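*Asks:* 3D model of this:
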Amino acid sequence: MKSFIEELYYGNIDPQNSGFEDDESVQRELRTISENEDWLTAHLSGEEKKRFLDFADAWSAYNGDATLDGFVTGFRLGACFVMDTFLRDDLLETDLK
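*Replies:* Here you go, the predicted model:
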């Protein structure tokens, strides 16, 4: 049997798969974002269109970075829980006696 880390490495565990995309309110919000971006892209021109697309690209990059940071922070927090649960000094001393 493969370890949890191996399963994660080989893609058999996908933490992003259990996201919130199935939520109707999220779908509605994503649709609103997409429709408004399409409308603005079609109706803006020149410098205004360039600035809007620059804004949309920058927001997307920032959102991706923030999501990654949240994932890493959550993973580290979980690791701290595991370490505190299984590697406490008083437990180790008891197990060694």
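*Asks:* where does this protein have low pLDDT?
*Replies:* Counting by pLDDT under 70, the chain has low-confidence residues at 1, 16-22, 88-97.
*Asks:* Could you find the closest non-adjacent residue to residue 13?
*Replies:* residue 7 (4.8 Å; Cβ to Cβ, 6 or more residues apart in numbering). C-beta: built from backbone N, CA, C; applies to glycine.
*Asks:* From residue 75, how far off is residue 87?
*Replies:* Distance, residue 87 to residue 75, by Cβ to Cβ, to the nearest Å: 17 Å.
*Asks:* An error on my part: the question was meant for residue 11.
*Replies:* Using Cβ to Cβ, one obtains 17 Å as the distance from residue 11 to residue 75.
*Asks:* Spit out the contact partners of the residue most central in space within the chain.
*Replies:* With distances taken as Cα atoms, centre = their mean, residue 67 lies nearest the centre of the chain, 3.9 Å away. By Cβ atoms under 8 Å, 6 or more residues apart in numbering, the contact set of residue 67 is empty.
*Asks:* What is the three-state secondary structure of it?
*Replies:* helix (DSSP: H, G, I helix; E, B strand; the rest coil).
*Asks:* And it, how far from residue 80?
*Replies:* To residue 80, residue 67 is 21 Å away according to Cβ to Cβ.
*Asks:* cool, and residue 62?
*Replies:* Taking Cβ to Cβ as the measure, residue 62 falls 27 Å from residue 80.
*Asks:* now the helices: where do they sit in this structure?
*Replies:* 4-9, 24-43, 46-86, 89-96 (DSSP state H).
*Asks:* Only alpha carbons, please: show the first one as PDB.
*Replies:* Same thing as helix 4-9. Output of helix 4-9 as PDB, limited to C-alpha atoms (Å, rounded to 0.1, in the frame of the first residue of the first chain):
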ATOM      1  CA  PHE A   4      -0.500   9.200   1.700                       C
ATOM      2  CA  ILE A   5       2.400  11.300   0.300                       C
ATOM      3  CA  GLU A   6       2.900   8.800  -2.600                       C
ATOM      4  CA  GLU A   7      -0.800   8.900  -3.400                       C
ATOM      5  CA  LEU A   8      -0.700  12.700  -3.400                       C
ATOM      6  CA  TYR A   9       2.400  12.700  -5.600                       C
END
